[in-house]
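>>> Give me a model of this one.
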Amino acid sequence: MIHPTAIIDPKAQVASDVEIGAYSVIGPDVVIGSGCVISPHVVIKGPSVIGTNNRFFQFGSIGEDCQDKKYRGEPTRLEIGNDNVFREGVTVHRGTVQDEGLTRIGSGNLFMAYAHVAHDCVIGDNCIMANQATLGGHVVLGDYAILGGLAAVHQFCHIGAHAMVGGLSAITMDVVAYVMVNGNPAHTHGINAEGLKRRGFDAAAIATLRDAYKKVFRSQLKLAESIEALERETPSAALQVFIDSLKNSSRGITR
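Got it, this is the predicted structure:
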């Protein structure tokens, strides 16, 4: 299960059934849960806690010191949930003390080749980052969000749940839940209806979100006025997620 050329620090905690390939390096203060598979030439540094059934493909760098020039070697952390896939060359950095000292990744996510997750990012569940998609520091990625290949997200931006960012897009402002954005600079192009259908949203819920989108992005209402109008409708759970992503924006929303 563990190749003889792999290097595992005595201070690492690795479940008994973990597979570790040739020339991989597992550093101190790394905890790796059951069912994980680590391909050859992967480096995992700590402090990092990794859940169960994660797959790390070759040449990944997981839990490395961040690239923030303010970082001075403080003991920050990385936490990864379960059932994630990190393809070739993916890089994930630990947090900084300027934030919570933590980079956190949920479960069921797919990070395609050479994707980058910077320090202090918070990623939900079931997200997809396509090849070479890049998150700056402190980015929040909601559940089921999708980033196309080579998309770049500026630090501190929030990408809402079920949002879809097109390939080559430059994201410098927050992206509201459920919407599709594309371009450099990015602009919204409607509700991610097809993605919502695939995830079990019924026609009525999608129609409600379409109407909400029109109030915010296609009417003459100011943002505060459109939020007030939506809240008067006794929002459903799905609509409340949309409203909350509007209200919680700190960088302004991509329009």
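
>>> In PDB, could you pull the C-alpha coordinates for the longest helix seen in the chain?
Of all the elements of type helix in the chain, the one with the most residues (DSSP state H) is helix 203-217. This file holds the C-alpha atoms of helix 203-217, laid out as PDB (Å, rounded to 0.1, in the frame of the first residue of the first chain):
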ATOM      1  CA  ALA A 203     -39.700  24.000 -12.700                       C
ATOM      2  CA  ALA A 204     -41.500  26.200 -10.100                       C
ATOM      3  CA  ALA A 205     -38.300  26.800  -8.100                       C
ATOM      4  CA  ILE A 206     -36.300  27.700 -11.300                       C
ATOM      5  CA  ALA A 207     -39.100  30.000 -12.400                       C
ATOM      6  CA  THR A 208     -39.000  31.800  -9.100                       C
ATOM      7  CA  LEU A 209     -35.200  32.300  -9.400                       C
ATOM      8  CA  ARG A 210     -35.600  33.600 -12.900                       C
ATOM      9  CA  ASP A 211     -38.100  36.200 -11.700                       C
ATOM     10  CA  ALA A 212     -35.700  37.100  -8.800                       C
ATOM     11  CA  TYR A 213     -32.800  37.500 -11.300                       C
ATOM     12  CA  LYS A 214     -34.900  39.900 -13.400                       C
ATOM     13  CA  LYS A 215     -35.700  42.000 -10.500                       C
ATOM     14  CA  VAL A 216     -32.000  42.400  -9.500                       C
ATOM     15  CA  PHE A 217     -30.300  42.400 -12.900                       C
END
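
>>> Other residues contacting that helix?
Helix 203-217 is contacted by residues 176, 178-179, 188, 190-191, 193, 196-197, 201, 221, 223, 226-227, 229-230, 236, 238-239, 242-243, 246, 255 when judged by CB atoms under 8 Å, 6 or more residues apart in numbering. Yep, even glycine has a C-beta here, placed from its N, CA and C like the rest.

>>> rerun that using 10 Å as the cut-off
The contact list for helix 203-217, computed with CB atoms under 10 Å, 6 or more residues apart in numbering, reads 162, 176-179, 187-194, 196-197, 201-202, 219, 221, 223, 225-227, 229-230, 233, 235-239, 241-243, 246, 253-255.

>>> Now list the buried members of these.
162, 176-179, 188, 191-193, 196, 201, 226-227, 230, 235, 238-239, 241-243, 246, 253-254 (16 or more other CB atoms under 10 Å).
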